[in-house]
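Colleague: model this:
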Amino acid sequence: MVKEKMIFVIDTDIFLSGFIMSSYYPVRLIDYFSDERFVIALDDRIYFEYVSVLNSAGLGFEIRDVNYLLKFINETATFVTAGKLNIDLIYQSDLKFVEVAKSARVDAIITNNVEHFESARKVITVLTPKEAFKNLL
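Modeller: You can find the predicted model right below:
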């Protein structure tokens, strides 16, 4: 029996740390996603956050690279309609990641900011990029 691909919700900060700082594990995650070794689950709110943040003036990303990544995400990610949750997070703007993760039954949310999702750990696994590689990939 062939195992299905793992599904993750990827916090926007993973793309930023992969592009800006070339951080080892975020870069590997982007590479693994580009090689279609796992699937990203998201909704329109998350996709538009990716678009907005990655296209922000001043970050210095190559437009061609950003457009390629966004097009690839749009074509390969699993878009879901997320149910609403009532969880208090440090930043309520992060709630969309938890709602998508719960609705899509993902394997984990991957973020550099696990402390932002502490109260969400009751309903979903939250991992750093390093933990994701160590425990899942």
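Colleague: Please, where are all the strands along the chain?
Modeller: Under the criterion DSSP state E, the chain contains strands at 6-10, 38-42, 78-79, 108-110, 126-127.
Colleague: Could you look over those strands and pick the most buried one?
Modeller: Comparing the strands of the chain by mean neighbour count (mean count of other C-beta atoms under 10 Å), strand 108-110 ranks first with a mean of 26. Every C-beta, even on glycine, is put in place using the N, C-alpha and C of the backbone.
Colleague: Just the mean pLDDT for that one, thanks.
Modeller: If you average the pLDDT over strand 108-110, you get 95.
Colleague: Ok, which of the strands of the chain comes nearest residue 90?
Modeller: The minimum distance between residue 90 and these falls on strand 126-127, with 12.4 Å, by C-beta to C-beta.
Colleague: which outside residues touch the closest one?
Modeller: Outside of strand 126-127, the residues within contact range by C-beta atoms under 8 Å, 6 or more residues apart in numbering are 108-111, 114, 117, 120, 135-136.
Colleague: Please identify which of those is nearest to residue 38.
Modeller: Here the nearest of the contacts of strand 126-127 to residue 38, counting by C-beta to C-beta, is residue 136; it sits at 8.6 Å.
Colleague: Verify the stated contact: that closest one with residue 7.
Modeller: No - contact status for residue 136 versus residue 7: not in contact, 10.7 Å apart, counting by C-beta atoms under 8 Å.
Colleague: so what sits against both of these two?
Modeller: residue 107.
Colleague: buried residues in the lengthiest helix in the chain?
Modeller: Secondary structure of the chain per DSSP state H: the longest helix is helix 63-76. Neighbour counts over helix 63-76 (16 or more other C-beta atoms under 10 Å) mark 66, 69-70, 73 as buried.
Colleague: Cool, thanks, talk later.
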